[in-house]
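sequence and predicted structure below; questions after.
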Amino acid sequence: SSSAPGFRAIRALPARAPETQQHCPSAERPALVTMGNGLCSPVTNSSSVEDEHSAIAQVDSPTMLAETKTQDTTIIDDKPSIDLKPLEEKKPEVPKAEVPKVEAPKPADAPKDTSNSKKTQMEMFTHHFGAKAEDDVGKLVRRPSTVGADLEQYVEKHKQKFADVLALESEAGWTYVKTVDGVNVYKKAVENSDFICFKGQTEMEFPKGMNDAVRTVLQAENRPQFDDMCTEGVTHQNLMPWYRVTQYFVNMPALFNPRETLTTGRACFMDDGAMVVSVENFVDPQIPIRAGYVRVKFIAGGYVFRPLNEACTKFRVTWTGSIDPQGWIPTWLANLVAPKQALTLAKLRVWLESKEKGTA
């Protein structure tokens, strides 16, 4: 139809849906612990669990729980705290949190058939770490699957575990929490689990290369240096490049028994030079639960060391995992502080800098 002289016809625009923003308030909450290769959590078959249950039963009130709060715990609330109206009402737009962009491989990138690669798994390992290890540390019985095994076949057998870690390295499905001291912290729900997954990513320099990076981060005995809650780390067996078995002991806030974790880690090299370490729960009758402790269950996760330069001295380090605290630690409390686990990377950087300056 024609319009009046001097006016242009205006077509009505569709109404825009209200925009929402994820709100990330900070609040004080009880602190859980960080440890070895995961959160601290207990086992239900320990007498310590009963003691812990009875203690909590006596103080199961908001007043007593408030006494266990710490001031350095950041709480992330997924529910929007601002109700934005439709755009027609001209409400000011609230800026959205800027989520760091991290380049990461797609899950399909993990690991590929190395038969036609330029270097085999063993060649990559010896290139970075020297001669292969033959039970460097520990007196545990060697796992039968590694006796006389070909490393390429061993990696192929466990390729899904490495693929799962790489899937966690990517951005897909994660909720950005915050950035602290250069460490980007994320969280996400885990399918068929009540416990969320945490992830920390940061860039770090290791002048001595991949060997220095991996040994520094994964050496169990180093953990107390950059994990405030970890009191002891033990390497029970180091049979890399196949696997290693480590155990960590951590203190807990009042009312909770101390925790320990027992895990095994396996390594795999990617075609682009990245090293993936899958971490999973480990059970061995030769390593009983220490008296007075509760053993946690590490559900899934691990590390990715991704070189960022040709000299292989600068890396993007990813540490991710999901842990079942077991015992009587409430699920909501475990999930509340799970993202804090990622911040051990920030403390690791501080420790490395102090070592370089000779002040550690």
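In hand now; what should we look at? Numbers count the residues shown, from 1 in each chain.

leaving out the residues flanking it, which one is nearest to Leu140?
Gln237 (4.5 Å; Cβ to Cβ, 6 or more residues apart in numbering). In short, each C-beta sits where N, CA and C put it, glycine included.

show me what counts as buried in whichever strand or helix holds that neighbour.
In the assignment (DSSP states H and E), Gln237 maps to strand 230-239. If you call a residue buried by 16 or more other Cβ atoms under 10 Å, then strand 230-239 has these buried ones: Cys230, Gly233, Val234, Thr235, His236, Gln237, Asn238, Leu239.

for that strand, name the packing helices and strands.
Judged by 3 or more Cβ pairs under 8 Å, 6 or more residues apart in numbering; DSSP states H and E, the packing partners of strand 230-239 are helix 223-226, strand 243-250.

between that strand and strand 243-250, how many degrees?
170 degrees (axes from the mean of the first three to the mean of the last three Cα atoms, to 10 degrees).

follow-up on the earlier one: ok, of the buried residues of strand 230-239, which one's closest to Asp271?
Leu239 (24.3 Å; Cβ to Cβ).

gap between the closest one and Leu345?
To Leu345, Leu239 is 26 Å away according to Cβ to Cβ, to the nearest Å.

same question, Val337
For Val337, the distance to Leu345 - Cβ to Cβ - is 16 Å.

give me the more crowded residue out of those two.
Leu345 (24 against 21; other Cβ atoms under 10 Å).

then the helix or strand that one falls within to CSV, C-alphas only?
Element membership for Leu345 (DSSP H and E) is helix 344-357. Written as CSV, here are the backbone C-alpha positions of helix 344-357 (Å, rounded to 0.1, in the frame of the first residue of the first chain):
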residue,chain,number,x,y,z
THR,A,344,45.8,-25.6,42.0
LEU,A,345,47.3,-24.6,38.6
ALA,A,346,47.6,-21.0,39.8
LYS,A,347,49.4,-22.1,43.0
LEU,A,348,51.6,-24.3,40.8
ARG,A,349,52.7,-21.3,38.8
VAL,A,350,53.6,-19.4,42.0
TRP,A,351,55.6,-22.3,43.3
LEU,A,352,57.5,-22.6,40.0
GLU,A,353,58.3,-18.9,40.1
SER,A,354,59.6,-19.1,43.6
LYS,A,355,61.7,-22.1,42.7
GLU,A,356,63.2,-20.2,39.8
LYS,A,357,64.0,-17.3,42.1
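
could you give the average pLDDT over stretch 211-218?
Averaged across stretch 211-218, the pLDDT comes to 92.

just the buried residues of that stretch, please?
Result for stretch 211-218 [16+ other Cβ under 10 Å]: buried residues Asp212, Ala213, Val214, Thr216, Val217, Leu218.

show residues contacting that stretch.
Under the contact criterion Cβ atoms under 8 Å, 6 or more residues apart in numbering, stretch 211-218 has outside partners 128-130, 204, 206, 222, 244, 246, 265, 267, 275, 277, 303, 305, 315, 317, 348, 352.

hang on, the earlier thing: now mean neighbour count, distance to Arg259 and mean pLDDT too, for the helices and strands packed on strand 230-239, in a markdown table please.
Shown next, in a markdown table, are the helices and strands packed on strand 230-239 (neighbours: other Cβ atoms under 10 Å; distance: least, Cβ to Cβ, whole Å; pLDDT from 0 to 100):
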| stretch | mean neighbour count | distance to Arg259 | mean pLDDT |
| --- | --- | --- | --- |
| helix 223-226 | 20 | 13 | 92 |
| strand 243-250 | 24 | 5 | 94 |
